[in-house]
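1. Predicted model and sequence below, questions to follow.
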Amino acid sequence: MLYSKVSPAEKRRALRDMLTPGAARQFPGAFNPLSARLIEEKNFDGVYISGAVLANDLGLPDIGLTTLPEVANRAGQIARMTDLPALVDADTGFGEPMNLARTIQELEHAGLAGMHIEDQILPKRCGHLDGKTVVDTATMTQRIAAAADARIDENFLIMARTDIRGIDGLDAAVDRVKAMVDAGADAIFPEAMKDLTEFETITNAVDVPVLANMTEFGKSELFTRQQLADVGVAMIIYPVTLLRSAMGAAERVLDTIVADGTQNASVDQMLTRARLYELVAYEDYNAFDSGIFNFEVPGLDVQANAENL
């Protein structure tokens, strides 16, 4: 009911504790607060908040058009809805090191457990597209140092992402991630690794947790959790999976309405009213006013549904 009673500080400690080499903790990407609650209900380890999803939700491409207030506000809305730790994509940090310092504190105050920043040059693009450019190592390490110095809670996770693999190759990526760790990065996000051997090269090169991005239609094969665990990956994200699935379903039902003049043929594929009310904990609000939920909903048996999860 309402929001999580687990404090941001507790979530940050939980995130730190779970990210060990080979743990392969799974963080699906939430595209709104309710999807974060669903991720928790399905017993995932945490919630990821993608910069691409935040941009696309506003009808924008993922090229760095979103602002810090937009990201902090929406990420905070998502983070407060779940007991799980939430990691947010902060793109290039919204400016120079001074701006990045503010970014860290805004995201902390919004209740996030951690964030990642990347080494691309604006206008940035999806890490699995060609034609990217990155800053030099000195500029990126300045960003990381500013982020680490600015945080208020020492457990707030600073993750550094590099896109250099697709530009200068794997050896350059190894050099870059080592420099990032030396600058204060708590974890590493090597973008667009080609295969499991490349992931293993990165995990062997650093002594901090490494993330694997399992995005659809990208440069990497969609490896299983076990495959990634076997090469030492600590965390797996599925950044746009739920948004793509939801928008695909929305497009299909709109096509049905156009074709049939009614949505009737699609109703059996929809989330039921009962299930939706269960997700938003509608009945629990009777604790405030017994007149809020005083009606029957076909198929809604909260206790029985919970036992079947």
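-> Great, that's in hand.

2. Find the nearest non-adjacent residue to Arg13, please.
-> Once flanking residues are discounted, Arg13 sits nearest to Asn155: 5.4 Å by CB to CB, 6 or more residues apart in numbering. (Glycine included, C-beta is placed from N, CA and C.)

3. isn't that neighbour right next to Arg16, touching?
-> Yes. The pair Asn155 / Arg16 is scored as a contact, 5.5 Å apart, by CB atoms under 8 Å.

4. Direction included, what does the helix or strand harbouring Arg161 pair against?
-> Arg161 belongs to strand 157-162 when assigned by DSSP states H and E. Sheet pairing for strand 157-162, assigned by DSSP bridges, gives strand 114-118 (parallel), strand 187-190 (parallel).

5. So for it, mean pLDDT?
-> The average pLDDT for strand 157-162 rounds to 97.

6. Stretch 24-37 too?
-> Averaging pLDDT residue by residue across stretch 24-37 gives 98.

7. how about CSV for the strands paired with strand 157-162, with distance to Gly51 and mean pLDDT added?
-> Putting the strands paired with strand 157-162 into CSV (distance: least, CB to CB, whole Å; pLDDT from 0 to 100) gives the following:
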stretch, distance to Gly51, mean pLDDT
strand 114-118, 9, 96
strand 187-190, 12, 97
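
8. Take these and lay them out in TSV including mean neighbour count.
-> Shown next, in TSV, are the strands paired with strand 157-162 (neighbours: other CB atoms under 10 Å):
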stretch	mean neighbour count
strand 114-118	26
strand 187-190	26
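
9. possible to save these as JSON lines with distance to Glu216?
-> Converted to JSON lines, the strands paired with strand 157-162 look like this (distance: least, CB to CB, whole Å):
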{"stretch": "strand 114-118", "distance to Glu216": "20"}
{"stretch": "strand 187-190", "distance to Glu216": "18"}
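
10. Ok, which of these comes nearest Thr139?
-> Proximity to Thr139 (CB to CB) singles out strand 114-118 among these, at 11.5 Å.

11. ok, and for the strand holding Arg161, which residues are buried?
-> 157-162 (16 or more other CB atoms under 10 Å).

12. tell me which of those is nearest to Ala274?
-> For these, the nearest to Ala274 is Leu157 (37.4 Å; CB to CB).

13. ok, so what distance separates that closest one from Leu68?
-> Leu157 sits at a distance of 18 Å from Leu68 (criterion: CB to CB, to the nearest Å).

14. and the spatially most central residue of the chain, helix, strand or coil?
-> Central residue of the chain (CA atoms, centre = their mean): Tyr48, 1.7 Å from the mean position. Following DSSP: H, G, I helix; E, B strand; the rest coil, the label given to Tyr48 is strand.

15. Report the beta-bridge partners for it.
-> Applying DSSP bridges to Tyr48, the residues it is bridged with are Gly29, Leu87.

16. which residues touch it?
-> Counting by CB atoms under 8 Å, 6 or more residues apart in numbering, Tyr48 touches 27-30, 86-89, 237-239.

17. just Glu200 next, same as before
-> 231-232.

18. wait, Gly299 sits on Ala274?
-> Yes. In this structure Gly299 lies within contact range of Ala274 using CB under 8 Å: 3.9 Å.

19. of these two, who's got more company?
-> Ala274 (16 against 11; other CB atoms under 10 Å).

20. Sort out which residues of the helix or strand containing the more buried one are buried, please.
-> Under the criterion of DSSP H and E, Ala274 resides in helix 273-279. Residues of helix 273-279 classed as buried under the neighbour-count rule (16+ other CB under 10 Å) are 274, 277-278.

21. Any stretches of the stretch 201-309 of the chain with poor pLDDT?
-> Low-confidence segments of the stretch 201-309 of the chain, defined by pLDDT under 70: 293, 295, 300-309.

22. one more time with 80, if that's ok
-> 219, 286-287, 289-309 (pLDDT under 80).

23. same check, this time on the stretch 1-150 of the chain
-> In the stretch 1-150 of the chain, residues with pLDDT under 80: 1, 122-132.

24. Helices of that one, residue ranges please.
-> Assigned by DSSP state H, counting those that start in this stretch, the helices in the stretch 1-150 of the chain fall at 8-18, 33-41, 51-57, 68-79, 97-109, 137-150.
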